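Visitor: Could you work out the structure for the sequence below:
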Amino acid sequence: MKTLSCLSLSGGQGKTSISLLLGRLLAQQGQRVLMVDADPQANLTFYLGHDVQPDAPTLLEVLRRQVETAAGIYPLASENLYLLPADEGLHQAQEYLATSGMGALALRYSLEAVGELFDVCLIDSPPQRTQICLSVVGASDWVLIPAEASTKGVNSLLRSLDLLEEMRRIRAFTGQVLGVLPFRDKWFGRSQATDSREAIAAMRQVAGEIRVLPSILESERYKQAIRQGRLLAELGYGELELPLQQVIEILEQV
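Guide: Below is the predicted model of the structure:
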């Protein structure tokens, strides 16, 4: 199982949207995909249409080792798509991870137990530097960094790369950065907005040798696909999937 996390240390960078669309696309292509909602806001769980029932295991219970990992995984309506959900109670994992002595590796150990069952694991990380976030990084073979095509996005990218480097130095992160994915790239007809162009240029400088992928354009079509639980191609906008297809191609090559 290849584990890819969407990481950005700021809200509104597209982590959940990209995780959703990427997961559905991989599942449609025949991959068995495990989606992990590691954000206490639980937006990924909500948009995937999963209703967490009282006393039903979630990521919280898995991280605390109160249940086996498989007990917290649920099949979704879409074929090949599975979810390890979150709810607001996931906040309670912070203290456990901080005091367990293995917080940065807790999620990795949990996912290893189901590694033979899935082809790809996609993790939606929280937008803050928390113990949960550190555990997500520790579990990642690959990290995809969505970054809004704005000054805020550049700053988020800087902070995310700093975190990864810090965790690499202490050997808590042994994976690689798959790429930087600009998000909400604004165009007016055939002209790119100045703010977007300058932000993406700054991302290339910050990223150095890390690839900067083709942008996710600012478009209501992405929201439409997420709301309806469908692929962009099914709505007649397959060209908007090209950045996601490139992510999949790179993931297959590595």
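
Visitor: what comes up buried for the lowest-mean-pLDDT helix or strand in the chain?
Guide: The helix or strand of the chain with the poorest confidence is helix 93-99; it has a mean of 87 (mean pLDDT, DSSP states H and E). Residues 93, 97 are the ones in helix 93-99 that count as buried (16 or more other C-beta atoms under 10 Å). Glycine gets a C-beta too; all of them are placed from N, C-alpha and C.

Visitor: can you give me the offset of that helix from its chain's centre?
Guide: 21 Å (C-alpha atoms, centre = their mean, to the nearest Å).

Visitor: Could you verify that residue 157 is part of a strand?
Guide: No - under DSSP: H, G, I helix; E, B strand; the rest coil, residue 157 sits outside any strand and is assigned helix.

Visitor: How many residues are close by it?
Guide: 27 (other C-beta atoms under 10 Å).

Visitor: Also residue 33?
Guide: With other C-beta under 10 Å as criterion, residue 33 counts 25.

Visitor: which element is residue 227 on?
Guide: helix 220-228 (DSSP states H and E).

Visitor: neighbours around the closest residue to residue 68 other than its chain neighbours, how many?
Guide: Using C-beta to C-beta, 6 or more residues apart in numbering and skipping residues adjacent in sequence, the residue nearest residue 68 is residue 113, 6.7 Å away. Number of residues near residue 113 (other C-beta under 10 Å) recorded here: 12.

Visitor: Then the one 4 residues further on?
Guide: Neighbouring residues of residue 117 were enumerated by other C-beta under 10 Å; the total is 14.

Visitor: Which residues are in contact with the residue nearest to it when sequence neighbours are not counted?
Guide: Excluding the flanking residues, the one nearest residue 117 by C-beta to C-beta, 6+ apart is residue 32, at 7.0 Å. Residues in contact with residue 32 (C-beta atoms under 8 Å, 6 or more residues apart in numbering) are 80, 82, 117, 118, 119, 120.

Visitor: Contact partners for the residue nearest to residue 68?
Guide: Here residue 113 is in contact with 68, 69, 70 (C-beta under 8 Å, 6+ apart).

Visitor: got it, and residue 118?
Guide: 1, 32, 33, 34, 82.

Visitor: wait, which of those residues is closest to residue 136?
Guide: Comparing those against residue 136 with C-beta to C-beta places residue 34 closest, at 13.7 Å.

Visitor: how much space between residue 136 and residue 189?
Guide: When distance is defined by C-beta to C-beta, to the nearest Å, residue 136 is 39 Å away from residue 189.

Visitor: These two - which one has more neighbours?
Guide: residue 136 (25 against 5).

Visitor: The more buried one against residue 9, yeah?
Guide: No - contact criterion C-beta atoms under 8 Å: residue 136 and residue 9 do not qualify, at 11.5 Å.

Visitor: returning to what we had before: just after the helix holding residue 227, pick out the following helix or strand.
Guide: Criterion used, DSSP H and E; the element after helix 220-228 is helix 242-253.
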